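Asks: A predicted structure for the sequence below; I have some questions about it.
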Amino acid sequence: MKPFIVIMGVSGCGKTTIAERLADEIGGLFLEGDSYHPRENKTKMGAGVPLQDEDRWPWFDKLIHAANGVFEADCIPVLACSALKQSYRDYLFRSFDEHRLIYLKGTFEMIKARMDSREHEYMTSDLLRSQFAILEEPTPGPDLLTLSIELSPDEIVHSIREWLDLS
């Protein structure tokens, strides 16, 4: 059975880079969680206003629908999504028998430096502190791989591929 793969972590940790590369290497389909945010969410974040839970549930429904569409096309969905709280991850995975979660972990200082050196449509390093404040690190288990963002993207993707063992 093919798993629903989610690459999670705070903004700026490298979710998009890793998810894109992983999807390409395993023949999966990359889903950029940010592109599923409604305009209202992007406007809030662009104004420096952190999202509340009620802003996120409709977004998660869109992500679940997109992942199901990828499975219908007989492909593996690889989603880049912050999924900062356990309740968010539970919600995302509730409809999927098989799932894998990869947590990209880094320090506030390292990630803020990365964010300050890049352009993004709406997410700024000003919102990073709020993301760390609500982050609930995932509980270790067989469906979780935690990797340091101090590793190179190549090392991270290699570690994920070995862990997934999709052969």
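Replies: Perfect, I can see it now.

Asks: okay, and the helix or strand of this protein with the least pLDDT?
Replies: The helix or strand of the chain with the poorest confidence is helix 39-46; it has a mean of 85 (mean pLDDT, DSSP states H and E).

Asks: Report the inter-axis angle for the next helix or strand after that one versus helix 39-46.
Replies: Using DSSP states H and E, the helix or strand that follows helix 39-46 in sequence is helix 53-72. Helix 53-72 and helix 39-46 meet at an angle of 120 degrees, taking axes from the mean of the first three to the mean of the last three CA atoms, to 10 degrees as the criterion.

Asks: what is the mean pLDDT for helix 53-72?
Replies: Averaged over helix 53-72, pLDDT sits at 95.

Asks: Could you give me the buried positions within that helix?
Replies: Asp55, Arg56, Trp59, Phe60, Leu63, Ile64, Ala66, Ala67, Val70, Phe71 (16 or more other CB atoms under 10 Å). In this view, the C-beta of every residue, glycine as well, is placed from N, C-alpha and C.

Asks: now swap in stretch 78-91 and tell me
Replies: Buried-residue list, stretch 78-91, by 16+ other CB under 10 Å: Val78, Leu79, Ala80, Cys81, Ser82, Ala83, Leu84, Tyr88, Arg89, Tyr91.

Asks: Which neighbouring elements make contact with the least confident helix or strand of the chain?
Replies: helix 53-72 (3 or more CB pairs under 8 Å, 6 or more residues apart in numbering; DSSP states H and E).

Asks: roughly how far is the helix it packs on from the heart of the chain?
Replies: 13 Å (CA atoms, centre = their mean, to the nearest Å).

Asks: Likewise for stretch 52-68?
Replies: Distance, centroid of stretch 52-68 to centroid of chain: 13 Å (CA atoms, centre = their mean).
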